[in-house]
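[1] Below are the sequence and a predicted model for it; my questions follow.
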Amino acid sequence: MQISSDDLPRQLASGLKPLYVVYGDALLLAIEAADSIRNAARAAGYSERETFVAEQHFKWAELKNSAQSLSLFADRKVIDLRIPTGKPGVEGGQALQDYVANMSPDILTLITLPRLDKTAQKSQWFTALERQGVMVTADDISRNALPGWIAGRLRRQEQSANKDTLEFLADRCEGNLLAAFQEVQKLALLFPAGELSFDQVKDAVMDVARYDIFKLSEAMLSGNPERFVRILDGLRAEGTATVLVLWTISEDIRTLGKVLQAVQRGGSIDGALRDARVWGPRQGLIGNAARRFKFPHVERGMQQAARLDKTIKGLRQGDVWDELLQLGMRFARQTGRAAG
């Protein structure tokens, strides 16, 4: 069974399962999910807990030994296994398969993992966990979903805000979920229950966005010029190297060009994306951009990026940050298939 961290409270209320696996890249959500599971187990009479951290040289036999022994003072216990790398290795993978095949009804096992790639999720040890346990995903909250997530957190403390205020909060906390959580908690301390005004939130909330260079390219490809400008300004303020910003933007422009060239030769966009090895969220971004642009527009963008590379290297004069803005806005502003 696979559920999101938001669905976990309902699942726990319906009855505890012997195995829970929490995995994902949102540290806050993963911590909250693991805490919820441990608290529910404690309330259900699991009075003992043993914690293992499977790092290098971890003895996997300890996991089996723990499952086979209970203290004199506990009828049931929690085994809390943490695998920080998400890579148990050959020995660990087999140990996990053996372990979940012989779980005791008196033991609740909680396994926490980081975000896993597709190869890891198709491994034998991971599929064995899936068959036997509740898989709780703790994925990071995207920018589009962040206002709704903030609204949900405000509801928990009997507060609310209108759409514009939620968008403002999301802009200030984008890419930093823990900071968003802390800012929402701060609003509960500062103001009573009820609807918060924009001015209240604006005065109270710090700008805690952590600008992500890959989100800059995401804003560009999705046609969101306001977000592109905001992230670019943030990267500049944080002192991000211009060569890194250009590389990130250029990589996606070149990939978009490859896809469009393949389409020109009679291929499909989906096939071109596979051939260009575009996977995950980037597949949707590049695919949608490929439907908006024609190759000549992209080709001119690549030429502009080449000139900008010379500017960064000191081979031509120019304002690097201004040219980065112009390059990104060439794609972020463009909507419609007429781009040529």
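    Yep, it's here.

[2] can you pull the contacts of residue 81?
    Contacts for residue 81 (C-beta atoms under 8 Å, 6 or more residues apart in numbering) come out as 51, 52, 54, 63, 109, 110, 111, 112. Using the backbone N, CA and C atoms, a C-beta is placed for each residue, glycine as well.

[3] how about the strands of the stretch 151-300 of the chain, start to end?
    In the stretch 151-300 of the chain, the strands defined using DSSP state E, counting those that start in this stretch lie at 159-161, 194-196.

[4] could you say what helices and strands the last one packs with?
    Strand 194-196 makes packing contacts with strand 159-161 when contacts are defined by 3 or more C-beta pairs under 8 Å, 6 or more residues apart in numbering; DSSP states H and E.

[5] Kindly recompute the last result at 10 Å.
    Taking 3 or more C-beta pairs under 10 Å, 6 or more residues apart in numbering; DSSP states H and E as the contact definition, the neighbouring helices and strands of strand 194-196 are strand 159-161, helix 163-173.

[6] Okay, and the residue lying closest to residue 177 once chain neighbours are set aside sits in which element?
    The spatial neighbour of residue 177 that comes closest, neighbours along the chain excluded (C-beta to C-beta, 6 or more residues apart in numbering), is residue 28 at 5.1 Å. Secondary structure here is read from DSSP states H and E; on that basis residue 28 sits in helix 27-43.

[7] packing partners for the following helix or strand past that helix?
    Elements were assigned by DSSP H and E; along the chain past helix 27-43, the next helix or strand is strand 48-53. Counting contacts by 3+ C-beta pairs under 10 Å, 6+ apart, the secondary-structure elements packed against strand 48-53 are helix 27-43, helix 61-67, strand 77-82, strand 107-113.

[8] relative orientation of strand 48-53 and strand 77-82 in degrees?
    10 degrees (axes from the mean of the first three to the mean of the last three C-alpha atoms, to 10 degrees).

[9] residues touching residue 308, list them.
    Contact partners of residue 308, counting by C-beta atoms under 10 Å, 6 or more residues apart in numbering, are 242-243, 245-246, 249-250, 316, 318, 320, 323-324, 326-327.

[10] re the thing from before, put together JSON lines for the helices and strands packed on strand 48-53, with distance to residue 288 and mean pLDDT on each row.
    Rendered in JSON lines, the data for the helices and strands packed on strand 48-53 read as follows (distance: least, C-beta to C-beta, whole Å; pLDDT from 0 to 100):
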{"stretch": "helix 27-43", "distance to residue 288": "27", "mean pLDDT": "94"}
{"stretch": "helix 61-67", "distance to residue 288": "45", "mean pLDDT": "88"}
{"stretch": "strand 77-82", "distance to residue 288": "38", "mean pLDDT": "94"}
{"stretch": "strand 107-113", "distance to residue 288": "31", "mean pLDDT": "96"}
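
[11] Return the most buried member of these.
    strand 107-113 (a mean of 23; mean count of other C-beta atoms under 10 Å).
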